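Asker: Starting from these lines, generate the structure:
(one chain, ligands or ions: 1)
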Amino acid sequence: MESSQDRVPETSDPEAFDIERIGEDVPLLEGMRTTRAIRRLRPDPVPPALIRKVCEAATFAPSGGNRQPWHFIAVTDAERRAWVAERYRKIFLRYIEPAVEAARAPGFPEAKRRMQRAAIHLAEHLHEVPVHLFVAGYQRRGEPQLQALFPAVQNLLLACRAVGLGASLTTLHRSFGAECDAHLGLPPEIPTCALIPIGWPLGRYGRPPRKPVDECLHWERFQG
Ligand SMILES: Cc1cc2nc3c(=O)[nH]c(=O)nc-3n(C[C@H](O)[C@H](O)[C@H](O)COP(=O)(O)O)c2cc1C
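Answerer: Prediction:
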């Protein structure tokens, strides 16, 4: 089944979007099954109202005691994006090197090779991605409330899928987390947990490869 949002909008003209209606017609379960890491993105700008819409969807996530510790920092300024991208790229390319080496082996799964290429593409083009959306949250008892932030992150990814934006969840910026948080003007007690690069996808959505549910669903007791 294809909904209207399987098609990527042809234009990035903000006037062309009906922000109220866009994404509202994607069936929930179909949206979940077709939300995947979209790392190849166009550099065209994204209307701020659309970023606001996906962040609003994120705020409907659950959180312990309904404390809602999240903050969303949308970075669109080219210099500020370049600052993050330069650090991300250096660390990511070093991090992925052994995996790239392993992928040269004959018989290495092609799907994994594709994923590597897409992740490398993102690292090399992060400065061009129009929105760097950081998710941060205040700490509780000196600990980041990650359990409360990741449901919001997933809502955000689903909302991006619904409105036709490409997005992926990344955490690599945590390797330079304190420096990055300071760069974003965040105090130490509100650290970021995720960087979600958002833009219009170059490709299409589709079902990501996943193992069959019956391999991971157990009734009554774990069947090893
Ligand atoms: C906690 C977490 C951290 C991740 N960090 C990164 C990252 O730093 N860079 C990146 O390119 N992808 C990152 N990913 C994305 C995963 O690689 C991606 O979700 C996975 O390959 C499945 O992709 P698919 O949904 O397109 O199949 C992260 C995912 C999770 C859940």
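Asker: Get me the contact residues on the chain for the ligand.
Answerer: Residues of the chain that fall close to the ligand, judged by C-beta under 6 Å from any ligand atom: 36, 37, 115, 119, 122, 168, 169, 170, 171, 172, 208. C-betas here are computed from N, CA, C, even on glycine.
Asker: Surely the second one touches residue 169?
Answerer: Yes: in this structure, residue 37 sits in contact with residue 169. The criterion is C-beta atoms under 8 Å, and the distance is 7.1 Å.
Asker: in stretch 119-137, what counts as buried?
Answerer: Across stretch 119-137, burial judged by 16 or more other C-beta atoms under 10 Å covers 119-120, 122-123, 125-137.
Asker: just to revisit the earlier point, most neighbours out of the residues of the chain next to the ligand, which is it?
Answerer: The most neighbours of any of the residues of the chain next to the ligand, using other C-beta atoms under 10 Å, belong to residue 122, which has 23 neighbours.
Asker: Please, where are all the strands along the protein?
Answerer: Along the chain, counting by DSSP state E, strands occupy 70-75, 131-137, 166-167, 192-199.
Asker: which one of these lies closest to residue 221?
Answerer: Nearest to residue 221, of all these, is strand 192-199, at 33.6 Å by C-beta to C-beta.
Asker: which helices and strands does the longest helix seen in the chain pack with?
Answerer: As assigned by DSSP state H, the longest helix anywhere in the chain is helix 78-102. Applying 3 or more C-beta pairs under 8 Å, 6 or more residues apart in numbering; DSSP states H and E, we find helix 78-102 packed against helix 110-125, strand 131-137, helix 177-183.
Asker: Can you add mean pLDDT and give those back as JSON lines?
Answerer: Shown next, in JSON lines, are those (pLDDT from 0 to 100):
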{"stretch": "helix 110-125", "mean pLDDT": "96"}
{"stretch": "strand 131-137", "mean pLDDT": "98"}
{"stretch": "helix 177-183", "mean pLDDT": "98"}
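Asker: Distance to residue 71 for the ones you listed - can I get that in a markdown table?
Answerer: Output for those, formatted as a markdown table (distance: least, C-beta to C-beta, whole Å):
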| stretch | distance to residue 71 |
| --- | --- |
| helix 110-125 | 23 |
| strand 131-137 | 5 |
| helix 177-183 | 11 |
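Asker: Determine which of those approaches residue 219 most closely.
Answerer: helix 110-125 (29.4 Å).
Asker: Good, we can wrap up now.
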